[in-house]
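**Q** return atomic coordinates for the entry below.
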Amino acid sequence: MRDIGELAERLRAFAMARDWEQFHTPKNLAMALAGEVGELLAEFQWLTSEESAHIMADSQAARQVRAEIADVFIYLTRLADVLGVDLLDAAGDKLAEGELRYDVATYRGSRRKAPAYPTQGTRRTGDKSAT
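**A** Model (predicted):
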């Protein structure tokens, strides 16, 4: 399978066949995604930078890392599908924003963060940072 849309359809059918759509709320899917990211992180816990760079050379570790990456991707794809977010469009938009915020001349070789974008005067529910 080489298409995110095809994967989303397959995941949707998988959930429907098992009557799991009732559980696939955005909140539950986001929580499941966070859990899977935690499991992926656990595969790298306590490794040195050098060991982490070569983790795929160990066949058992590679199999586990690959499975955890797949779980993350599956939950992310399912969450995006439930919310109606096109992952490729969203990623393209985010990359374009990054290209504007982090111009090559200023940020090449730097780990410095760009200044935050000014707020647009709107506040999301639950956002305690705006007054």
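**Q** what mean pLDDT does the helix or strand encompassing Val72 get?
**A** Secondary structure assigned from DSSP states H and E places Val72 in helix 59-83. The average pLDDT within helix 59-83 is 98.
**Q** for stretch 103-115, same thing?
**A** pLDDT averaged over stretch 103-115 gives 93.
**Q** which residues does that stretch contact?
**A** Identification of contacts with stretch 103-115 by CB atoms under 8 Å, 6 or more residues apart in numbering yields Arg101, Tyr102. (Glycine included, C-beta is placed from N, CA and C.)
**Q** pull the CA atoms of it into PDB?
**A** Output of stretch 103-115 as PDB, limited to C-alpha atoms (Å, rounded to 0.1, in the frame of the first residue of the first chain):
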ATOM      1  CA  ASP A 103      15.000  31.200   6.500                       C
ATOM      2  CA  VAL A 104      18.200  29.400   5.400                       C
ATOM      3  CA  ALA A 105      20.500  32.400   5.800                       C
ATOM      4  CA  THR A 106      19.500  33.000   9.500                       C
ATOM      5  CA  TYR A 107      19.000  29.400  10.700                       C
ATOM      6  CA  ARG A 108      21.400  27.200   8.800                       C
ATOM      7  CA  GLY A 109      23.200  25.100  11.400                       C
ATOM      8  CA  SER A 110      21.400  26.700  14.300                       C
ATOM      9  CA  ARG A 111      19.000  24.900  16.700                       C
ATOM     10  CA  ARG A 112      17.600  28.300  17.800                       C
ATOM     11  CA  LYS A 113      13.800  28.600  17.600                       C
ATOM     12  CA  ALA A 114      12.100  31.300  15.600                       C
ATOM     13  CA  PRO A 115      10.100  33.900  17.400                       C
END
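**Q** next one: it to chain centre, how far?
**A** 23 Å (CA atoms, centre = their mean, to the nearest Å).
**Q** for stretch 82-98, same thing?
**A** 11 Å.
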